[in-house]
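Q: Mind looking at a prediction? Sequence and model below.
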Amino acid sequence: MKRLALLLALAASSFTTLGATMPTGADNFYKSDTVTVERVTFKNQYHMEVVGNLVRPKAASNATASAAVIVGHPMGAVKEQSSMLYAQKLAEQGFVTLAIDLPFWGESDGEPRNLVAPEMYSEAFSAAVDYLGTRDFIDRTRIGVLGVCGSGSFAISAAKMDPRLRAIATVSMYDMGDVTRNGLGQSVSLEQRKAMLAKAAEQRYTEFTTGNGIFLDYLPIQLPADADPVTREFWAFYRTPRGIAIPKGRTLETTQNRMLTSEVRFVNFYPFNDIETISPRPMLFIAGSEAHSLEFSQKAYALAGQPKALYLVPGAGHVDLYDRVDRIPFDKLTRFFVANLSAD
């Protein structure tokens, strides 16, 4: 506890030193008075335990089976970062929601920690459907999914295989495959990609012989003076009191960061291939008009079948839609899920 307090104080001091302020409306750690939150666990097909927070409206009737929405956190985050805000806000509108920790992250099983495993990430959403669909207070024909940032691409990957996901929404989506292969705005050349793969492959020898992996420190505790705008945007959430959440047994230094030998698995991740086969199930893509990640929502929308919608939040950036309740279009999400998860 003393170390956590020290880290929070350091983060707050760095935040202030940089002249940054908490954005208006930022409320990542929102607590609703009208819902209940229950920690639940269930197994995926790899026999790994997935941990989630089941959020239910206090006013819900046990006599009627409810619609449900699974909520996935940003890549490298945990359910307490962004996901629980969305889960509670949607539960306030009458949905039962389930905010999950993806395998290898947060409270869910998986070793080594912070492992990149896109197939297992996608499987977690289907495992969540298994769990929800076997609860007597859930209508298994009315289960949707909401993926924030990287989980948008994992949710799409799951939905291509799992027709039980009846409505799919994404917010500030990242295609983790595309950005790893090509960088933002196609800024990474094939030669640079091959060099990354060669470095990771060589590093595997070290990990095999020593058992020690080397984490990429792409999101340090102290923000470098020459940090690029995207790093600054993520740092202002993950490395300040605005969004810091440290799972048990981890350190602030190891949250978000992954090993290079693990990260390269995303090179083989193509979530938008065959995205049109999700049709006629509806899809909604929400992104900030100024988001550095906007290209991924636009590409997914262009490739998806009908019905589909792309909604841009004017003036919003990527991380704005993690926690800024003054900018997140909760009404748009509510209407989407009400319309597409209604009882027949």
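A: Here it is on my side, so go on.

Q: what's next to stretch 262-279, contact-wise?
A: 112, 114-118, 153-154, 156-157, 159-160, 168, 175-181, 193, 196-197, 200, 213, 216, 299-300, 303-308 (CB atoms under 8 Å, 6 or more residues apart in numbering). Every C-beta, even on glycine, is put in place using the N, C-alpha and C of the backbone.

Q: Out of these, which end up buried?
A: The neighbour-count test (16 or more other CB atoms under 10 Å) marks 114-118, 153-154, 156-157, 159-160, 168, 175-181, 193, 196, 200, 213, 299-300, 304, 308 as buried among the contacts of stretch 262-279.

Q: so residue 84 sits right up against residue 99, yeah?
A: Yes - counting by CB atoms under 8 Å, residue 99 is a contact partner of residue 84 at 5.2 Å.

Q: More neighbours: these two, which one.
A: Between residue 84 and residue 99, counted using other CB atoms under 10 Å, residue 99 has the larger neighbour count: 31 against 24.

Q: coming back round to it: quickly list what's touching both of residue 84 and residue 99.
A: Shared contacts of residue 84 and residue 99, defined by CB under 8 Å, 6+ apart, comprise 53, 55, 71.

Q: Three-state assignment for the last one, please.
A: Secondary structure assignment for residue 71 (DSSP: H, G, I helix; E, B strand; the rest coil): strand.

Q: Could you measure from it over to residue 165?
A: From residue 71 across to residue 165, the span is 13 Å (CB to CB, to the nearest Å).

Q: who touches both of these two?
A: residue 145.

Q: So those two - more neighbours on which side?
A: The neighbour count for residue 71 versus residue 165, taken as other CB under 10 Å, is higher for residue 71 (32 against 22).

Q: Kindly state the beta-bridge partners for the more buried one.
A: Residues in a beta bridge with residue 71, per DSSP bridges, are residue 99, residue 146.

Q: Would you confirm that it contacts residue 100?
A: Yes - assessed by CB under 8 Å, residue 71 is found in contact with residue 100 at 7.3 Å.

Q: Quickly list what's touching both of the two.
A: 79, 83.

Q: quick one on the thing from earlier: strands - which of the contacts of stretch 262-279 land there?
A: Among the contacts of stretch 262-279, the members found in strands (DSSP state E) are 168, 308.

Q: element containing the residue lying farthest from the centre of the chain, please.
A: Distance to the chain centre peaks in the chain at residue 209, reaching 33.2 Å (criterion: CA atoms, centre = their mean). Here residue 209, judged by DSSP states H and E, is contained in helix 190-210.

Q: For that helix, output the C-alpha coordinates as PDB.
A: Written as PDB, here are the backbone C-alpha positions of helix 190-210 (Å, rounded to 0.1, in the frame of the first residue of the first chain):
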ATOM      1  CA  LEU A 190       8.100  -4.100 -44.600                       C
ATOM      2  CA  GLU A 191      11.900  -3.900 -43.900                       C
ATOM      3  CA  GLN A 192      11.200  -2.400 -40.500                       C
ATOM      4  CA  ARG A 193       8.700  -5.200 -39.800                       C
ATOM      5  CA  LYS A 194      11.200  -7.900 -40.800                       C
ATOM      6  CA  ALA A 195      13.800  -6.200 -38.600                       C
ATOM      7  CA  MET A 196      11.400  -6.300 -35.600                       C
ATOM      8  CA  LEU A 197      10.600 -10.000 -36.200                       C
ATOM      9  CA  ALA A 198      14.300 -10.800 -36.500                       C
ATOM     10  CA  LYS A 199      15.100  -9.100 -33.200                       C
ATOM     11  CA  ALA A 200      12.200 -10.900 -31.500                       C
ATOM     12  CA  ALA A 201      13.300 -14.200 -32.900                       C
ATOM     13  CA  GLU A 202      16.900 -13.700 -31.700                       C
ATOM     14  CA  GLN A 203      15.600 -12.600 -28.300                       C
ATOM     15  CA  ARG A 204      13.800 -16.000 -27.900                       C
ATOM     16  CA  TYR A 205      17.200 -17.700 -27.400                       C
ATOM     17  CA  THR A 206      17.900 -15.500 -24.400                       C
ATOM     18  CA  GLU A 207      14.500 -16.200 -22.900                       C
ATOM     19  CA  PHE A 208      14.800 -19.900 -23.500                       C
ATOM     20  CA  THR A 209      18.200 -20.100 -21.900                       C
ATOM     21  CA  THR A 210      17.600 -17.700 -19.000                       C
END
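
Q: Sounds good, over and out.
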